[in-house]
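S.K.: Need coordinates for the below:
(one chain, ligands or ions: 1)
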Amino acid sequence: MNMGRCYNFSAGPANLPLEVLEKAQNELVDYRRSGMSVMEMSHRGKDYTEIHQNAQQHLRKLMDIPPEYQILFVQGGASSQFAAVPLNLFSENGQADYVNTGAWSKKAIAEAKRYGKVKVIASSEDTTFNYIPELSPEMFSKDADYVHITSNNTIYGTCYPNLPEVGSVPLVCDMSSDILSKPYDVSKFGLIYAGAQKNIGPAGLTIIIVREDLTGHAKDFTPTMLNYQTHANNNSMFNTPPCFIIYMAGLVFEWMLENGGLSAMEQRNRQKAGMLYQYLDQSDLFRATVNGADRSIMNIPFVTGDGELDKKFIAEAEAINLKTLKGHRTVGGMRASIYNAFPLEGVEKLVNFMSDFEKKN
Ligand SMILES: *Cc1c(COP(=O)(O)O)cnc(C)c1O
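M.R.: The predicted structure is shown next:
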């Protein structure tokens, strides 16, 4: 651990592996004897082309992405995909099923409604989204163009324990906050999208993994930059890509491959999350806001039940370098986001501090 660095529990942008930051630092002003930084080089040149292709190949390898799926690097955040998905996937009389599991799902629903019929087939809004609704196959509309889910709910700390059985309808997933946290079977999805700033790299890159047959049907009025075909036809180089962010993401992919790939990431993530949940479940002062199989291993909200005490806890934690633990305003309390790059010793330090705090309060 670098002396100046804190344990950063931020939900996003989130901490990056120290090895990756140091590698980027070493290569910053003169990338591999090119005489320039990655930030300064042509996106059509040899060095950047290699960075771009390696990042795609490493992601394909990490997630075991089948050949009939394309990887697109775009901008605009996951939030732009809330519009791009319906614009690209809605048929003439567009309709889709959405599951409402939190603030991000709601935004996706609101945007899709602008372009077609949206059926919200299940919601957990009744109890501040602290669970994932049961989804049985008969709940899905047979004639929907797609089903949309949010696999991990960053704000509320829930995650699908199993993927829903949607039959032949394409499953579309906002995977922004748990992509690469564990192996997912990509062939179960029609389309996956994710903003980079949770588990991949700095903000500014959005990753789309889309089955080939789902591109090329966008509505006529779809902006060129939101049309998947534009990026698929041009290897994500239709215009200037976010070169430096893709370079950083590529370093993160390499770091994951060097550290055992996604099953090793999952094992580490379960160990970290397990340690915190185990403490929370026996604590008389703190409690997790989510119970059972729907618990996220990436974002763990918890509360004392006393707003003043929560504030005191957050302030004292800050003072010992446990930073960005404040919960989302809609949930209150605290939230520990512990993505792939978050070290185990940071969770140990948090649990020890919580235990001390509990004794004193
Ligand atoms: C952070 C987040 C978003 C928003 O991503 P942007 O890249 O900021 O648009 C959307 N969905 C989920 C699940 C998120 O965690």
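S.K.: Touching the helix or strand hosting Tyr277 from outside, list them.
M.R.: Assigned by DSSP states H and E, Tyr277 belongs to helix 261-282. With C-beta atoms under 8 Å, 6 or more residues apart in numbering as the test, helix 261-282 has contacts from 62-63, 180-183, 256, 259-260, 286-288, 295-298, 300, 302, 336, 338, 340, 342, 344, 347-348, 350-351, 354-355. From N, CA and C alone the C-beta is placed, and that goes for glycine too.
S.K.: Mind doing that once more with 7 Å?
M.R.: With C-beta atoms under 7 Å, 6 or more residues apart in numbering as the test, helix 261-282 has contacts from 62-63, 180-183, 256, 286-288, 295, 297, 300, 302, 336, 338, 340, 342, 344, 347-348, 350-351, 354.
S.K.: same check, this time on stretch 17-31
M.R.: In contact with stretch 17-31 (C-beta under 7 Å, 6+ apart) are residues 2, 37-38, 47, 248, 251-252, 255, 341.
S.K.: at 8 Å instead, please
M.R.: Contacts of stretch 17-31 (C-beta under 8 Å, 6+ apart): 1-2, 5, 36-38, 41, 47, 247-248, 251-252, 255, 340-341.
S.K.: which of these has the most neighbours?
M.R.: For the contacts of stretch 17-31, the largest neighbour count, defined by other C-beta atoms under 10 Å, is 28 neighbours, found at Asn340.
S.K.: For the ligand, give me its nearest residue in the stretch 201-350 of the chain.
M.R.: Taking C-beta to the nearest ligand atom, the ligand has its nearest neighbour within the stretch 201-350 of the chain at Thr206, 6.3 Å off.
S.K.: wait, what's in contact with the nearest residue to that residue once chain neighbours are set aside?
M.R.: Spatial nearest neighbour of Thr206, chain neighbours left out: Val74 (5.0 Å); criterion: C-beta to C-beta, 6 or more residues apart in numbering. The contact partners of Val74, by C-beta under 8 Å, 6+ apart, come to 80, 205-206, 208, 225, 231, 236.
S.K.: Go again with 7 Å.
M.R.: 206, 208, 231, 236.
S.K.: just to revisit the earlier point, closest one to Gly167 out of the contacts of stretch 17-31, please.
M.R.: Closest approach between these and Gly167, by C-beta to C-beta: Asn340, at 32.1 Å.
S.K.: quick check, distance from stretch 77-84 to the centre of its chain.
M.R.: Centre-to-centre, stretch 77-84 and its host chain are 13 Å apart (C-alpha atoms, centre = their mean, to the nearest Å).
S.K.: Contacts (any at all) between the ligand and it?
M.R.: Yes. Contact of stretch 77-84 with the ligand (C-beta under 6 Å from any ligand atom) involves 77-79.
S.K.: Pull the residues that contact that stretch.
M.R.: Contacts for stretch 77-84 (C-beta under 7 Å, 6+ apart): 107-108, 111, 174, 176, 193-195, 206, 226.
S.K.: Could you rerun that using 8 Å?
M.R.: 74, 76, 104, 107-108, 110-112, 114-115, 174, 176, 193-195, 203, 206, 208, 222, 226-228.
S.K.: tell me the helices in the stretch 1-150 of the chain, going along the chain?
M.R.: 18-26, 46-63, 77-89, 103-112 (DSSP state H, counting those that start in this stretch).
S.K.: got the domain boundaries for the chain?
M.R.: 21-258, 261-360 (automatic domain parsing).
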